[in-house]
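Undergrad: Could you work out the structure for the sequence below:
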Amino acid sequence: MDIRLRHDTIVRTLRRKGTSTIDDLACEVGASRRTVLRDICALRDEGFVIHSESGRGGGVQLDPQSVQTTARLSVAEVFALLISVAVMRAGQSLPFSNLADAGLAKIEKSLPSDKVRDLRRFLDCLHIGRLSPKQDISDMRPIDPALLPAFETAFLQQLPLQFEYCDAKGAKTRRMVEPQAMLILQPLWYLMAWDPGRDDFRHFRMDRISKPECITGAPFRRRHVPFEEDVCPFNDLPR
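TA: Just a heads-up that it's a prediction; the model follows:
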């Protein structure tokens, strides 16, 4: 478990339980007592008020009114929230859209300018459409969680992406492409990319992609992706 995930787990555990011991927290995050103690010091530095009491029956407790004083959300995390709301709205399954938008606006305001710039560049690559009712989705599988962080690096730094792809017949190939856009046809998600080997655009179902890896080197150039008329950019959706 990385540092960010450990910190989030510790805060979430303390909010839910009220009081917890260092040993219990160490077991929860799969780390040593010393690591958890360092994590608690780091959380205090970020603005969380965490009380501690030694001795039998003691432990650590998070002040219920405590909040962090710095924004810790990554660009990929905010992007994931934004597209989740967009997908639900597109499917007309978001009954509290105004509240969701207000919450997202507060999150965006808390981001530093460099993250806002990266978030806008990320969102420029996102398009949403509607899936044909004739599309077979019986073989749909979970999307590899490593894909979004890899996309963040590939799209923002314009680096080629290499991954293993399993086609509809089950054949696996290793592909190297230049990511140009993401297309959501709920519940299917696609990577739209330029394939240098085929000198043409190719689309890849994200649930068939695994083991993504960015290739360092010279950045590729952006290309105009020829979407169908019923596909719209994310920013054109009602907000």
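Undergrad: Please parse the chain into its domains.
TA: Domain assignment for the chain, taken from automatic domain parsing, gives 3-62, 75-236.
Undergrad: what would those domains look like in a markdown table with mean neighbour count and mean pLDDT?
TA: C-betas here are computed from N, CA, C, even on glycine. Listed next are the domains of the chain as a markdown table, based on neighbours: other C-beta atoms under 10 Å; pLDDT from 0 to 100:
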| stretch | mean neighbour count | mean pLDDT |
| --- | --- | --- |
| domain 3-62 | 15 | 87 |
| domain 75-236 | 15 | 87 |
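Undergrad: in what helix or strand does the residue nearest to Glu28 when sequence neighbours are not counted lie?
TA: Sequence neighbours aside, Thr13 is the residue nearest to Glu28 in space, at 5.5 Å (criterion: C-beta to C-beta, 6 or more residues apart in numbering). Taking DSSP states H and E as the definition, one finds Thr13 inside helix 3-17.
Undergrad: and that helix, what other elements does it pack with?
TA: Counting contacts by 3 or more C-beta pairs under 8 Å, 6 or more residues apart in numbering; DSSP states H and E, helix 3-17 packs against helix 22-29, helix 33-45, strand 59-62.
Undergrad: between the first one and helix 3-17, how many degrees?
TA: This means helix 22-29. Interaxial angle, helix 22-29 versus helix 3-17 (axes from the mean of the first three to the mean of the last three C-alpha atoms, to 10 degrees): 120 degrees.
Undergrad: ok, residues contacting helix 22-29?
TA: Contacts made with helix 22-29 from outside it, assessed by C-beta atoms under 8 Å, 6 or more residues apart in numbering, are listed as 1, 5-6, 9-10, 13-14, 20, 32-33, 35-37, 39, 59-60.
Undergrad: how much space between the residue nearest to Glu28 and Cys27?
TA: As judged by C-beta to C-beta, to the nearest Å, Thr13 and Cys27 stand 10 Å apart.
Undergrad: do the same with Pro112
TA: With the distance defined as C-beta to C-beta, Pro112 ends up 35 Å from Cys27.
Undergrad: give me phi/psi at the closest residue to Leu156 other than its chain neighbours?
TA: Spatially, and ignoring its direct neighbours in sequence, Leu156 is nearest to Asp118 (5.5 Å; C-beta to C-beta, 6+ apart). Dihedral angles phi and psi of Asp118 (degrees, to the nearest 10) take the values phi -70, psi -40.
Undergrad: Quick check, Asp118 in contact with Phe155.
TA: No. Checked against C-beta atoms under 8 Å, the pair Asp118 and Phe155 is beyond contact range at 9.3 Å.
Undergrad: quick one, which of the helices and strands packed on helix 3-17 is nearest to Leu185?
TA: Closest to Leu185 of the helices and strands packed on helix 3-17 is helix 22-29 (C-beta to C-beta; 37.3 Å).
Undergrad: Next, the angle from that closest one to helix 33-45.
TA: Computed with the same axes, to 10 degrees, the direction of helix 22-29 lies at 90 degrees from that of helix 33-45.
Undergrad: what's the spacing between the lengthiest strand in the chain and its chain's center?
TA: Determined from DSSP state E, the single longest strand within the chain is strand 172-185. Here strand 172-185 is found 17 Å from its chain centre; the criterion is C-alpha atoms, centre = their mean, to the nearest Å.
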